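Student: Using only what follows, build the 3D model:
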Amino acid sequence: MTTPDTQEEIEQTLGQVPSWMEHIAAPAGDHSWGLFRDLTLGETELSAREKGLIGVGVAAAIACPYCEHFHREEARLADVSEAELEEAVSLASSTRYFSTTLHGNEVDMDEFVAETDEIVDHLKEQEAAAAGAD
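Tutor: Here you go, the predicted model:
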């Protein structure tokens, strides 16, 4: 539950206070709205498109139908195409797949970091070579 001032702000912003907000414990209500308002709706380093795509990917990865619905609509408001939504879900799926593989097999983190650094260096070299060939 949020304070009356916050409820008024939510209603002005969203056109209503969503019923699910009543399920947030009072000490966290205003704070929760602030997080949503500032990160999801506010001006940040990420564009609305990027936020929507990230939201869709995360929602799919955690299998939350509420989040999936909200973030798909959020992304559509930012003119994200269905193909882009599908790709975001596929990327989330790929990340979850490889995370499971890495964790389940207890891959050594130091070795993983070293190999990743080498891969990044190689990719940068390839990009530089391709740019020099243009």
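
Student: use CA for all of it now, contacts and neighbours both
Tutor: OK.

Student: Which parts of the protein are helices?
Tutor: 4-14, 26-35, 48-62, 65-77, 82-104, 109-133 (DSSP state H).

Student: ok now the last one, how far from the chain's centre?
Tutor: What it means is helix 109-133. Counting by C-alpha atoms, centre = their mean, to the nearest Å, helix 109-133 is centred 26 Å from the centre of its parent chain.

Student: swap in the fifth one?
Tutor: The gap between the average C-alpha position of helix 82-104 and the chain average comes to 12 Å, counting by C-alpha atoms, centre = their mean.

Student: hang on, the earlier thing: buried deepest among the helices of the chain, which one?
Tutor: Of all the helices of the chain, helix 48-62 has the most neighbours on average by mean count of other C-alpha atoms under 10 Å, namely a mean of 21.

Student: count of neighbours near Leu39?
Tutor: Counted with other C-alpha atoms under 10 Å, residues neighbouring Leu39 total 14.

Student: what pLDDT does it get?
Tutor: pLDDT for Leu39: 92.

Student: How about Met1?
Tutor: So, for Met1, pLDDT stands at 77.

Student: Next, the contact list for the nearest residue to Glu68 once chain neighbours are set aside, please.
Tutor: Nearest-residue entry for Glu68: Ala59, 5.0 Å, with adjacent residues in sequence omitted and distances by C-alpha to C-alpha, 6 or more residues apart in numbering. Ala59 makes contact with Pro65, Cys67, Glu68, His71, according to C-alpha atoms under 8 Å, 6 or more residues apart in numbering.
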